[in-house]
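J.: Sharing a model that was predicted from the sequence below.
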Amino acid sequence: MAVMTVPSAPATASTAVPRLTLRNYLAYAAGDAANNLSFTMAGMFLILYYTNVVGLEGAVIGTMFLAVRFIDAITDVVTGRIVDAKRPGRLGKFRPFVLWFSFPLLVASMAIYSAKVFFPGIAGTAAVVYMYATYILMGSVFYTLVNIPYGSMAPTVTQVPTERGKLAAFRGYGAAIAVLALAFIISPQIRANTGNPAGLQQSLFVTTAAFVVVGMGLYLFFVFNLKERVARPENPVTLRDSVRTLTKNKPLGWLSLGAVLFLTGLTALSTLGSYVAIYVQRDAQFIAWNILAQTLALFVVGPLVPTIVRTIGKRTGYVGLGAVMVVGAAVLAFAPLSTTPLYGPVAFFLIGIGVQGVNTLMWALEADTVEYGEWKTGQRTEGTTYAVFSFTRKMGQAIGGLVGGLALTWAGFSAASASQGEAQADGVAQNIQHLAGLLVGGFALASIAVMLLYPLTEAKFSEITAEIAERRGTKAS
C-alpha cells in the first residue's frame, strides 16, 4: 500500500485557534457516551427484551426498525433545518438542544423497557403499539433533537485534521465505554434471569431508571465543557441554500452510501450478538466478553487514528480497517463456537478493529464534507449535512435491525418458546452463528467497495480549507 504524505493544515485563522484540551475531548466523549445509553441500548437489547420478555417475534420487531425510519426521514431533516436556522445564543448554536431534550430522551429510553411494568398483561397488538410508540419517541423525536445538534457541532470545534481525528476518536471512546458498561451491566441480568422473564423485566426497569441519572450527568458535562470555535457565516442558512449545498456535495453522497452498508452489517451483528452468546456459546456472560473484546479493539486502533490520517489518509484507512473486519466475520461464521466459545472474543476483537476504526474515521470524514459543501456553495450547513448523514446511518441501523430480526426467523428461532423459558429446536444455534458472520462480512465488503470511490482526499481537503479561509479574509477586509 502506497504511503501518502498529507500536507499540514495551512496557517489560517481557523488553525490559529488555541488547541483543544483534554477536558474538551472528554466532554465530547461524554456526550456520545450519554447518547449510547439510549440508542445503543435499543440496538443491543430491544429485540431480546421484546422476544424473551414480551413475547413478540423477531421479524415483527425488525420490521419496526425499518418502518420507523420513514418517520426519521422527516424528523432528521426538519431538526437539521432548525439547527441551521438557529442563531447562536449564550451556549452557542448547538448545545441548547442537548440541554433541553436530553432528559426526555433518557426517560423515553427507560419507557421502552417498562412494558410489563406499566401494563403487566400486555401482549399481541397492544405490545406492538407500545413498542412502536416508545421507540418512536426515543429514537425519532428526542434522540434526533439531541444527536443532530451534538454531531453537527464537531466541524465548529476545529478544522485541524489531526484534531478532528482525535475528536472523532474520543467520540468513539465515549461510545465504547458506554457500550462496554451496557454489556457488563445487562448481560449478568440476562444470565441471572434465564427462563425468568418477570425477573428480567424488573431488573431492566431499575437499570434504565438509573441510566436517566447517569446520562444527565454526562450530558451536562458535555454542555458546559465544549464550545464552538470555528468562524462561520453569521446569517442563518435558508432551505434553498441547504438543498443546493446537499445536491453539490458528492463526498457526502458516497460517505452516506458507505455508512448505510457498514451500519447494516454492524447492526445485524449487534442484533444477533446476544443470541450468539446465549444459544451458540451457551453462556449469556459471553455477551459481555464478546463486547469487551470488540471494545478493547478501539483502545488499540483509536490512538492510531491521527497517524492513519496523517500518513495514508482517512479513505485508505477506512478500506484497510474494513478488511480486518471481514476477516473477523469469517472467524465468527465458521469457528467452532459451540465447543470452543473463546473463539467468539477472538472474532469480535478482529471485527472490533474494523468497526471501531471505520466508525472513528467516518465521523472525521463527515466533518470534512461540511467544508466541502461550503467550498462548493459558499454556505455552511452543519445541521443539514449532519442530519442527512445521521439519517443514512439510521437507515443502515434500521435495515440491519430488520435483517437481524429476519435472520432469527430464517434461523428457526421461536420467541414463543423463549418467552416461556423453553429450549430452541436443534440447528437453530448453528444457523444463528452462520448468519451473524456472513451478514456482517458481506455488508462490510460492500461498504469497502463504495469507499474506494470516495473523492475527497486529504490533500484536496487541505486546499479547500485554505481557500475558504482566504475567502473569509477577503470578505473581512
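T.: Done, it's in. Numbers count the residues shown, from 1 in each chain.
J.: quick one: contacts for the closest residue to residue 322 other than its chain neighbours?
T.: Nearest residue to residue 322, sequence neighbours excluded (C-beta to C-beta, 6 or more residues apart in numbering): residue 448, at 4.4 Å. Placement of C-beta: from N, CA and C, glycine included. Contacts here follow C-beta atoms under 8 Å, 6 or more residues apart in numbering; on that basis residue 448 touches 318-319, 322-323, 326.
J.: Weed out the non-buried ones from those residues.
T.: 318-319, 322, 326 (16 or more other C-beta atoms under 10 Å).
J.: Please produce a markdown table containing these, extended by secondary structure.
T.: Shown next, in a markdown table, are those (DSSP: H, G, I helix; E, B strand; the rest coil):
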| residue | secondary structure |
| --- | --- |
| 318 | helix |
| 319 | helix |
| 322 | helix |
| 326 | helix |
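J.: circling back to that earlier point, what about the residue nearest to residue 322, distance to residue 315?
T.: 10 Å (C-beta to C-beta, to the nearest Å).
J.: How about residue 466?
T.: Distance from residue 466 to residue 315, by C-beta to C-beta: 20 Å.
J.: more neighbours, those two?
T.: The neighbour comparison of residue 466 against residue 315 (other C-beta atoms under 10 Å) goes to residue 315, with 23 against 17.
J.: Now for the nearest residue to that one once chain neighbours are set aside: which residues touch it?
T.: Excluding the flanking residues, the one nearest residue 315 by C-beta to C-beta, 6+ apart is residue 454, at 4.9 Å. Contacts for residue 454 (C-beta under 8 Å, 6+ apart) come out as 251, 254-255, 258, 315, 318, 365.
J.: Give the buried residues for the longest helix anywhere in the chain.
T.: When the chain is parsed with DSSP state H, its longest helix is helix 343-377. If you call a residue buried by 16+ other C-beta under 10 Å, then helix 343-377 has these buried ones: 343-377.
J.: do stretch 214-226 as well
T.: Those would be 215, 218-223, 225-226, for stretch 214-226 by 16+ other C-beta under 10 Å.
J.: helices and strands around the one helix or strand residue 394 maps to, which ones?
T.: Residue 394 is part of helix 382-411, with elements assigned from DSSP states H and E. Applying 3 or more C-beta pairs under 8 Å, 6 or more residues apart in numbering; DSSP states H and E, we find helix 382-411 packed against helix 39-49, helix 58-85, helix 143-152, helix 239-247, helix 250-275, helix 343-377, helix 428-451.
J.: Out of those, which gets nearest to residue 103?
T.: helix 143-152 (9.9 Å; C-beta to C-beta).
J.: After the closest one, which helix or strand is next?
T.: helix 154-157.
J.: pLDDT weak spots in the stretch 1-150 of the chain?
T.: The model of the stretch 1-150 of the chain has pLDDT under 70 over residues 1-17.
J.: which SS state does residue 340 fall under?
T.: Quick answer, by three-state DSSP: residue 340 is coil.
J.: Next, give phi and psi for it.
T.: The phi/psi pair for residue 340 (degrees, to the nearest 10) reads phi -130, psi 80.
J.: do residue 88 as well
T.: phi -60, psi 140.
J.: Residue 92 now?
T.: Torsion angles, degrees, to the nearest 10, at residue 92: phi 90, psi -160.
J.: In contact with residue 33, which residues are there?
T.: 174-175, 177-178, 218.
J.: Which of those residues has the largest number of neighbours?
T.: Neighbour max across those (other C-beta under 10 Å) = residue 178, 27 neighbours.
J.: Please give the element, helix or strand, for that one.
T.: Short version, using DSSP H and E: residue 178 is in helix 161-192.
J.: Buried residues, that helix. List them.
T.: For helix 161-192, by 16+ other C-beta under 10 Å, it's 161-183, 186-187, 189-191.
J.: Check stretch 324-341 too.
T.: 324-333, 335, 337, 341.
J.: what does that stretch contact?
T.: Against stretch 324-341 from outside (C-beta under 8 Å, 6+ apart): 265, 269, 276, 280-283, 286, 343-344, 346-355, 357-358, 429-430, 433-434, 436-438, 440-442, 444-445, 448.
J.: between the helix or strand that contains residue 320 and helix 161-192, how big is the angle?
T.: Residue 320 is part of helix 314-334, with elements assigned from DSSP H and E. Per axes from the mean of the first three to the mean of the last three C-alpha atoms, to 10 degrees, the angle that helix 314-334 makes with helix 161-192 is 20 degrees.
J.: Kindly provide the whole-number mean pLDDT of helix 314-334.
T.: Taken as a whole, helix 314-334 carries a mean pLDDT of 94.
J.: Now do it against helix 428-451: the angle between them, please.
T.: Going by the same axes, to 10 degrees, helix 314-334 makes 160 degrees with helix 428-451.
J.: In this structure residue 353 contacts residue 302, no?
T.: No: here residue 353 does not reach residue 302: they are 10.5 Å apart, not a contact under C-beta atoms under 8 Å.
J.: what number of residues lie near residue 74?
T.: Neighbours of residue 74 (other C-beta under 10 Å): 12.
J.: what about it, distance to residue 387?
T.: In terms of C-beta to C-beta, residue 74 sits 11 Å off from residue 387.
J.: circling back to that earlier point, starting at the chain centroid, how far to the longest helix of the chain?
T.: 10 Å (C-alpha atoms, centre = their mean, to the nearest Å).
J.: how about the buried residues of stretch 324-341 in a markdown table, adding distance to residue 150?
T.: Shown next, in a markdown table, are the buried residues of stretch 324-341 (distance: C-beta to C-beta, whole Å):
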| residue | distance to residue 150 |
| --- | --- |
| 324 | 28 |
| 325 | 26 |
| 326 | 31 |
| 327 | 33 |
| 328 | 29 |
| 329 | 30 |
| 330 | 35 |
| 331 | 34 |
| 332 | 32 |
| 333 | 35 |
| 335 | 38 |
| 337 | 37 |
| 341 | 37 |
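J.: tell me which of those is nearest to residue 103?
T.: residue 325 (35.8 Å).
J.: which stretches of the stretch 251-400 of the chain aren't confidently modelled?
T.: Along the stretch 251-400 of the chain, segments meeting pLDDT under 70 are nowhere present.
J.: surely residue 82 meets residue 383?
T.: Yes: counting by C-beta under 8 Å, residue 383 is a contact partner of residue 82 at 7.4 Å.
J.: quick one, which of the two is more surrounded?
T.: More neighbours surround residue 383 than the other of residue 82 and residue 383, with 28 against 16 (other C-beta under 10 Å).
J.: Might you report the residue contacts of the more buried one?
T.: 79-84, 148-149, 152.
J.: Now do stretch 80-87: distance to the chain's middle.
T.: 22 Å.
J.: repeat for stretch 377-391
T.: Centroid separation for stretch 377-391 versus its chain: 17 Å, with C-alpha atoms, centre = their mean.
J.: Export that stretch to PDB, keeping only CA atoms.
T.: Provided in PDB are the C-alpha atoms of stretch 377-391 (Å, rounded to 0.1, in the frame of the first residue of the first chain):
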ATOM      1  CA  THR A 377     -21.600  26.800  -2.500                       C
ATOM      2  CA  GLY A 378     -20.400  29.400   0.000                       C
ATOM      3  CA  GLN A 379     -22.900  28.200   2.600                       C
ATOM      4  CA  ARG A 380     -22.000  26.300   5.700                       C
ATOM      5  CA  THR A 381     -24.800  23.800   6.700                       C
ATOM      6  CA  GLU A 382     -23.500  21.800   9.600                       C
ATOM      7  CA  GLY A 383     -27.000  20.900  10.800                       C
ATOM      8  CA  THR A 384     -28.500  19.800   7.500                       C
ATOM      9  CA  THR A 385     -25.300  17.900   6.400                       C
ATOM     10  CA  TYR A 386     -25.200  16.000   9.700                       C
ATOM     11  CA  ALA A 387     -28.900  15.400   9.600                       C
ATOM     12  CA  VAL A 388     -28.600  13.700   6.200                       C
ATOM     13  CA  PHE A 389     -25.600  11.700   7.300                       C
ATOM     14  CA  SER A 390     -27.400  10.800  10.600                       C
ATOM     15  CA  PHE A 391     -30.500   9.700   8.700                       C
END
